[in-house]
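Engineer: predicted model follows, preceded by the sequence.
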Amino acid sequence: MMAAVAVGGLAVNLAGMGILRRRTDGLNARAVVLHMLGDLLGSLGALAAAGAIALFGWRWADPVASLAIGAIIAFSSVRLVLESVHVLMEGAPSHLDAEEIRRALLSLAGVCDVHDLHLWSLGGTAPLLTAHLVVDHTVRAQEVLRSATASMAERFGIDHVTLQVESPDFNIVGIGRSPIDSRTPSP
């Protein structure tokens, strides 16, 4: 009976793995595949344990197989958990270099400086970018935005880009005045 249930579980898990084998593009999809792999290993372990019990009377084969499969699943889950924590902490995607992106933005016509650049991802797959661009007065802001968003999509695969355009004198604060005071006219 144990072997029959294991074979049924094995068939279902093989079918599930066949359906999901191409879906490993995000953390959630990889977690599902890892779960299915754990179930598949569980079915194989139960089948092997059933054979050991039937052939040799080794009743201890079932708990040993369970412990071995549990160790394999725990070991392989650590990487997925660490990647999930990285995404939750809004860490930069590992395949993107913030300094290279900064240099690419600086190379655009009219861009004098780039600051407050932040990279993170949604679900570990869709990279997002925000940055402030200091743009000189010789170019139009919307032209810089168009070329910057096109450059980020083409060169780095970042389709969700939020940019703030600032003039070179945007952050200059008058002597003895706070940034809030500099926005309000003097009496």
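Structural biologist: Sure thing, it's come through.
Engineer: going forward, measure contacts between C-alpha atoms and count neighbours the same way
Structural biologist: Noted.
Engineer: what is the burial count for Ser94?
Structural biologist: 10 (other Cα atoms under 10 Å).
Engineer: then Ala49?
Structural biologist: With other Cα under 10 Å as criterion, Ala49 counts 25.
Engineer: am I right that it is in contact with Gly57?
Structural biologist: No: assessed by Cα atoms under 8 Å, Ala49 is found out of contact with Gly57, at 9.9 Å.
Engineer: domain assignment for the protein?
Structural biologist: If you go by automatic domain parsing, the domain ranges for the chain are 2-88, 98-172.
Engineer: adding mean pLDDT, write the ones you listed out as JSON lines.
Structural biologist: Output for those, formatted as JSON lines (pLDDT from 0 to 100):
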{"stretch": "domain 2-88", "mean pLDDT": "83"}
{"stretch": "domain 98-172", "mean pLDDT": "92"}
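Engineer: now do the phi/psi pair for the closest residue to Trp120 other than its chain neighbours.
Structural biologist: The shortest distance from Trp120 to any non-neighbouring residue, by Cα to Cα, 6 or more residues apart in numbering, is to Ala92 (4.5 Å). When read as degrees, to the nearest 10, the backbone of Ala92 gives phi -70, psi 140.
Engineer: please apply the same query to Ala131.
Structural biologist: Dihedral angles (degrees, to the nearest 10) for Ala131: phi -160, psi 160.
Engineer: how many residues are close by it?
Structural biologist: Neighbour count for Ala131, taken as other Cα under 10 Å: 18.
Engineer: contacting residues for it?
Structural biologist: Val114, His115, Asp116, Leu117, His118, Thr162, Leu163, Gln164 (Cα atoms under 8 Å, 6 or more residues apart in numbering).
Engineer: what separates it from Leu105, distance-wise?
Structural biologist: 9 Å (Cα to Cα, to the nearest Å).
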